[in-house]
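Undergrad: predicted coordinates and the sequence they were generated for:
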Amino acid sequence: MTQPRADHDGPPEIRVRAPGKVNLGLRVGPREPDGYHPLVTVFQAVSVYEDVVATASDDMTLTVSGPQAHLVPTDGTNLALRAAQALAEYAGIDAGVHLHIEKSVPVAGGMAGGSADAAAALLACDALWGAGLSREQLHELAASLGSDVPFGLVGHTAVGSGRGDVLTPALSRGEYHWVFAVRDSGLSTARVYAEFDAMTGAGAASLGPDSDLELLQALRAGDALALGRALRNDLQPAALELAPELAETLATADDVGALGVIVSGSGPTVAALARSRTHAQAIATALTAAGVADTALTAVGPVPGARLVASPG
Ligand SMILES: C[C@](O)(CO)[C@H](O)COP(=O)(O)OP(=O)(O)OC[C@H]1O[C@@H](n2ccc(N)nc2=O)[C@H](O)[C@@H]1O
Ligand SMILES: Nc1ncnc2c1ncn2[C@@H]1O[C@H](COP(=O)(O)OP(=O)(O)OP(=O)(O)O)[C@@H](O)[C@H]1O
C-alpha cells in the first residue's frame, strides 16, 4: 500500500491525478421513471487533468485553484468533499482531510471535471486513511456519487451502459489528438437532459446493441479518419438549443479540417479531432482567433484513470 508522503515539512499528503473525458459516442434512450436516461456511451479519457492533493486534517475542508476556481463550490456540495465523506462513512473511519483541487478541466463543460475530482478524492482518501478498499468497493462508491465518476477511476477507453456507470473496457490503438473549445459559461447537465426530453418527447430511440460497431472498429484499428466520421452525441441538439452559439464553433472546426467535431457530453465544450499535435494547435489557434471559443485546450487520449502521482518538489 502507498504510504502518505511525510518526507517534507508539514502533514502527510497524497496527490492523485484524474482525467477529463470525451464521449466519442453517446446514445441516449428515453427517460425512465427514476428521472435518469439509459445510455450507451464510448468514453475516452483525455490529458486534461485534475490534481487532488489530500492532507491529513481534523476537519473536512477544500480549496480550489486554476483559471475557473471561482466557479467551483468549496462547501459540502463539492463532489470531492462528498466523495471523502462517503468513503469515511463506508469504511467506518473517523478522520478528517483537507482536499486541494488543481483544476484544469472546464467547469460545467461536459468533460466530467467534478467527477474526476470525486474519483481522485476517493483514491486519495483511501490511501491517506489506509482504508484499503477494493476496486469493486471504490467503483460502488463512485457510482453512488455520479454517473461519470466510475469512468474517472478507470480511464482509458470504455463502453458505459446503464446510467453510464456500468463499464466495459474497449480496445483502442494509438493516440488521438484533440482540441477542446471551452466557453466561460457552462451548461447544467440536468438541464441538457431535460431539453433532450422536450425535443424528443417519448420518441427517443431505444438503444440497439450494435450501433457503435463503426466507432469501436475505428478505435481498434487506430484509424483517426474513421473515428472522426463515427463520432456521435444524441445530446448535441439539446446543447445547441440551449447554447446556439456552439453551431459556429462546430462549423469553424469543420472548416479548418477537423476529422470530426462534436459537443462533448452535455456541453458546452466542443471537441475537435485533429490529424496530429501540430494540426490540433492550428485548430486551437483558428478557434480562438475566430472568437468561437473563450479558450482552446489541446490534449491527447486515451490516458489512464485516477492514479497516485509523486508531489512535485
Ligand atoms: C452527459 C454525461 O456526462 C455523459 O457521460 C453524463 O450522462 C452525465 O453524468 P453526471 O454529470 O455524472 O450525471 P449525474 O450527476 O449522475 O446526474 C446529473 C443529472 O443528469 C441527468 N442524467 C444523468 C445521467 C443519465 N444517465 N441520465 C440523466 O438523466 C439527471 O437529470 C441527473 O439528475
Ligand atoms: N469538484 C467540482 N468541480 C466542479 N464543479 C463542481 C464540483 N463539485 C460540485 N460542482 C458543481 O457541479 C457543477 C457541474 O460540475 P462539472 O464541472 O463536473 O460539470 P460537467 O463536467 O459538465 O459534468 P459531466 O460532464 O459529468 O456532466 C458545477 O457547476 C458546480 O456547481
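TA: Perfect, thanks for sending it. Just so you know, these numbers come straight off a predicted model, no measurement behind them. Residues are numbered from 1 along each chain as shown. Ligands and ions are numbered 1, 2, ... in the order given.
Undergrad: which of the helices or strands spans the nearest residue to A306 once chain neighbours are set aside?
TA: Ranked by Cβ to Cβ, 6 or more residues apart in numbering and with sequence neighbours excluded, the top spatial neighbour of A306 is A18, at 3.9 Å. In this view, the C-beta of every residue, glycine as well, is placed from N, C-alpha and C. Per DSSP states H and E, A18 falls inside strand 13-28.
Undergrad: check which residues of whichever helix or strand comes after that strand are buried.
TA: Downstream of strand 13-28, the first helix or strand assigned by DSSP H and E is strand 39-57. Buried residues in strand 39-57, counting neighbours by 16 or more other Cβ atoms under 10 Å, are found at 39-56.
Undergrad: what's the answer for stretch 237-250, then?
TA: Using 16+ other Cβ under 10 Å as the test for burial, stretch 237-250 gives 238-240, 242-243, 246, 249-250.
Undergrad: for stretch 136-152, same thing?
TA: For stretch 136-152, the neighbour count (16+ other Cβ under 10 Å) marks 137-139, 141-143, 145-152 as buried.
Undergrad: and those residues, which is closest to ligand 2?
TA: Set against ligand 2, the nearest of those by Cβ to the nearest ligand atom is D148 (3.8 Å).
Undergrad: and the pLDDT for the closest one?
TA: With respect to pLDDT, D148 has a value of 97.
Undergrad: ok, stretch 29-42 near ligand 2 or not?
TA: No - judged by Cβ under 6 Å from any ligand atom, stretch 29-42 makes no contact with ligand 2; its nearest approach is 11.0 Å.
Undergrad: check whether that stretch contacts ligand 1.
TA: Yes - counting by Cβ under 6 Å from any ligand atom, ligand 1 is contacted by stretch 29-42 at 35-37, 39, 41.
Undergrad: now stretch 165-175
TA: No - if you take Cβ under 6 Å from any ligand atom as the test, stretch 165-175 misses ligand 1, and the best it gets is 7.8 Å.
Undergrad: that stretch - what's its average pLDDT?
TA: pLDDT averaged over stretch 165-175 gives 97.
Undergrad: please identify the buried residues of that stretch?
TA: 165, 167, 170, 172.
Undergrad: go on, stretch 95-113?
TA: 95, 97-113.
Undergrad: which parts of this protein sit against ligand 2?
TA: Within the chain, the positions lying close to ligand 2 (Cβ under 6 Å from any ligand atom) are 72-73, 77-80, 107-115, 117, 148, 186, 189, 265-266.
Undergrad: filter these down to the ones in helices?
TA: 79-80, 113-115, 117, 189 (DSSP state H).
Undergrad: for T278, state which of those residues is nearest.
TA: G113 (26.8 Å; Cβ to Cβ).
Undergrad: residues contacting that closest one?
TA: If you count contacts by Cβ atoms under 8 Å, 6 or more residues apart in numbering, G113 has them with 20, 50, 103, 105-107.
Undergrad: closest to ligand 1 out of those?
TA: The closest of those to ligand 1 turns out to be G20 (Cβ to the nearest ligand atom; 10.5 Å).
Undergrad: so how many other residues sit close to the closest one?
TA: Neighbour count of G20, defined by other Cβ atoms under 10 Å: 31.
Undergrad: what residues does the stretch 101-250 of the chain put near ligand 1?
TA: 112, 115, 146-148, 163-164, 189-190, 193.
Undergrad: pipe those residues into a markdown table and attach distance to A88 per row.
TA: Converted to a markdown table, those look like this (distance: Cβ to Cβ, whole Å):
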| residue | distance to A88 |
| --- | --- |
| A112 | 23 |
| S115 | 19 |
| G146 | 18 |
| S147 | 22 |
| D148 | 22 |
| R163 | 24 |
| G164 | 26 |
| T189 | 26 |
| A190 | 27 |
| Y193 | 30 |
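Undergrad: low-confidence ranges in the stretch 1-150 of the chain?
TA: 1-11 (pLDDT under 70).
Undergrad: so how many other residues sit close to whichever residue of it sits closest to ligand 2?
TA: Taking Cβ to the nearest ligand atom, ligand 2 has its nearest neighbour within the stretch 1-150 of the chain at G114, 2.6 Å off. Number of residues near G114 (other Cβ under 10 Å) recorded here: 27.
Undergrad: cool, thanks, talk later.
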